[in-house]
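Any chance you could fold what I've pasted below:
(chains A and B)
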Amino acid sequence: MLPYIYRELVMKRKWFNNDEIVDIFTVSQSIPGAIAVNAAFNTGFRKAGLPGGFMAVAGVVIPAFLAIVLILIFFLNIRESIWVQKFLAGILTASAALILMTAIDLAKTVYKKEAIVRIIISLLVFIGIGVFGINAMWMILGGVLWGLANYLYQILGLKKGENDED
Amino acid sequence: MILSWLQLYLVFLKIGFFSFGGGYVMLPLIHQQIELHHLLPIEEFPDLVALSQMTPGPIAINAATYIGFRNAGLFGALFATLGVITPSLILVLIILRLLHRFSDNLLSMAVLRGVKPVTVGMIAVASVYFLERTILRGSFWSLDFWEMNIRFLNYPALILFALVIIGVVKSKISPLILTLLSGVAALFLL
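You can find the predicted model right below:
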C-alpha cells in the first residue's frame, strides 16, 4: 500500500517531499489503526484539511466496504458448496504462508541487537495468548507501559538512550 | 437496532485503538472480541480472513464490514467500519497538532519500542492459528501433536503452502495473485 502512495503522491503529484513522506509513513505504521487509513488521513489532512482527510479515508474504505458487502451477499448463499470450501481452503493456505513470512520479517526487524529481553517478552505474549487465552489488549497495554517505563528511565538519566535503529 | 449499531461501533473502536502494527497483528484481537461478544460463530473466523485476503483494503476494514454486516446488515457494517477508523482519525490529528516530527519524539519512539515485541508475539499466535487450520492436522498446543508430527501434516496443503512461499520469495508475482492461484489450485489439490 505504501509504495503506491509514494508513487502517486510523491513521484507523480509531488504533494510531499521525501522527508515529509518518511515521517508520514513512520507515523502510519506506528500508531494504532489500519496503516492505509492512517496514511490516507494523514496525507489528505495535510493536503486539504479535514475535508481532505475524510475524502482520502473514504477513498480507501469505500472499495473495501463495497467489495465485502457484495461478496457476503453471494457467499452466504454458496457457502455450502464443496468447491467454495476448497477454494477458501486454498486461500487460507496461502494466507498462512504469508502470515508466517510476515512474522519472520517482523521478528528480523525487532530482534536486531541485544534482543534477549524482547525475545522473552514475545515468548511470554505468545504463551499468554496461545496457552492461557489472556486478552491481547492487556499485552498491548503492557507493551505501552514498558515503553513508558523505558522513556522515564531515559528522561531521569538512569539509562543511556537507545538509538532509533533497534 | 440502534443499540447493536452502537455496540458494534464500540467493539471496533476498541479493536482500532489496540491495533498497533496493523494487518495480521490485529487478527488475535479480532478473534478474541468475536468470542467475547459472540459476534460470529467462531468457526466462521477463517472464512472472514480468507474473504478479507481476496478483497482490496485493509484487513481491519474488511473484518469490520464483515462482522458488522453479519450482525446488523448494512448499517451494522457502516457503524463497525466507522468504529475501526475513528482511532486513526483521532490519533493522526493529535500527532499532527502536537508533534513536530514523530521520529524525533522520544516518548512516542519509546512506546513503539515497547509495543513491538508484543506485536511479534501476537503475529506468532496468528501464524500458529492458521498453520493449524491449513497444513497441520492437530492442535499445535497439544502434546499429541509433538509426539506424532509426521502423521499430523496435511500434505496436499503443505505443497500449496511451499509453492506460495517459493512464489513470494523467488518470483515477482504479487501476493494477491498468488493467493488467488492458491485458491484455484486447491480445487484440484485439496
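
Can you get me a residue count around B:Leu158?
14 (other CB atoms under 10 Å in any protein chain shown). Bear in mind the C-beta positions are built from the backbone N, C-alpha and C, glycine included.

what sits against it?
B:Ile135 (CB atoms under 8 Å, 6 or more residues apart in numbering or on different chains).

Quickly find the element holding it.
Using DSSP states H and E, B:Leu158 maps to helix B:155-170.

okay, now the domains of chain B?
B:2-113, B:144-189 (automatic domain parsing).

Give me the mean pLDDT for the first one.
I take that to be domain B:2-113. Averaging pLDDT along domain B:2-113 yields 93.

if we can go back for a sec, tell me the helix or strand right after the helix holding B:Leu158.
Going down the chain from helix B:155-170, the next helix or strand is helix B:175-189, by DSSP H and E.

What residues of the helix holding B:Leu158 count as buried?
B:Pro156, B:Ala157, B:Leu160, B:Phe161, B:Leu163, B:Val164, B:Ile165, B:Gly167, B:Val168 (16 or more other CB atoms under 10 Å in any protein chain shown).

Also stretch B:97-116?
For stretch B:97-116, by 16+ other CB under 10 Å, it's B:Phe102, B:Ser108, B:Met109, B:Ala110, B:Val111, B:Leu112, B:Arg113, B:Gly114, B:Val115, B:Lys116.

who touches it?
By CB under 8 Å, 6+ apart, stretch B:97-116 touches A:22-23, A:26-27, A:30, A:110, A:118, A:140, A:143-151, A:154-155, A:161-162, A:164, A:166, B:20-21, B:95.

Return that stretch as PDB; C-alpha atoms alone will do.
This file holds the C-alpha atoms of stretch B:97-116, laid out as PDB (Å, rounded to 0.1, in the frame of the first residue of the first chain):
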ATOM      1  CA  ARG B  97      -1.100  19.100  16.200                       C
ATOM      2  CA  LEU B  98       1.300  18.200  19.000                       C
ATOM      3  CA  LEU B  99       4.400  16.700  17.400                       C
ATOM      4  CA  HIS B 100       6.700  18.200  15.000                       C
ATOM      5  CA  ARG B 101       8.500  15.100  13.800                       C
ATOM      6  CA  PHE B 102       7.200  11.800  15.100                       C
ATOM      7  CA  SER B 103      10.500  10.100  14.700                       C
ATOM      8  CA  ASP B 104      12.300  12.700  16.800                       C
ATOM      9  CA  ASN B 105       9.900  12.400  19.600                       C
ATOM     10  CA  LEU B 106      11.400  10.400  22.400                       C
ATOM     11  CA  LEU B 107       8.200   9.400  24.100                       C
ATOM     12  CA  SER B 108       6.400   8.000  21.000                       C
ATOM     13  CA  MET B 109       9.500   6.100  19.900                       C
ATOM     14  CA  ALA B 110       9.900   4.600  23.300                       C
ATOM     15  CA  VAL B 111       6.300   3.500  23.400                       C
ATOM     16  CA  LEU B 112       6.700   2.000  20.000                       C
ATOM     17  CA  ARG B 113       9.800   0.100  21.000                       C
ATOM     18  CA  GLY B 114       7.900  -1.300  24.000                       C
ATOM     19  CA  VAL B 115       5.000  -2.500  21.900                       C
ATOM     20  CA  LYS B 116       6.900  -4.100  19.000                       C
END
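
Number of residues surrounding residue 74?
Unless you meant another one, I'm taking chain A. 10.

I was thinking of chain B, sorry if that wasn't clear
12.

Now it: closest residue in space that isn't a chain neighbour?
Spatial nearest neighbour of B:Leu74, excluding adjacent residues (CB to CB, 6 or more residues apart in numbering or on different chains): A:Val69 at 6.9 Å.

go on, B:Leu8?
With CB to CB, 6+ apart, the residue lying closest to B:Leu8 is B:Ala80, at 4.3 Å.

what's the burial count for residue 55?
No chain in the question, so chain A it is. Quick note: A:Met55 (other CB under 10 Å) scores 14 neighbours.

meant chain B, my bad for not saying
Per other CB under 10 Å, the neighbour tally for B:Thr55 reads 21.

wait, it sits on B:Asn62?
Yes. When contacts are counted by CB atoms under 8 Å, B:Thr55 is listed as touching B:Asn62 (5.7 Å).
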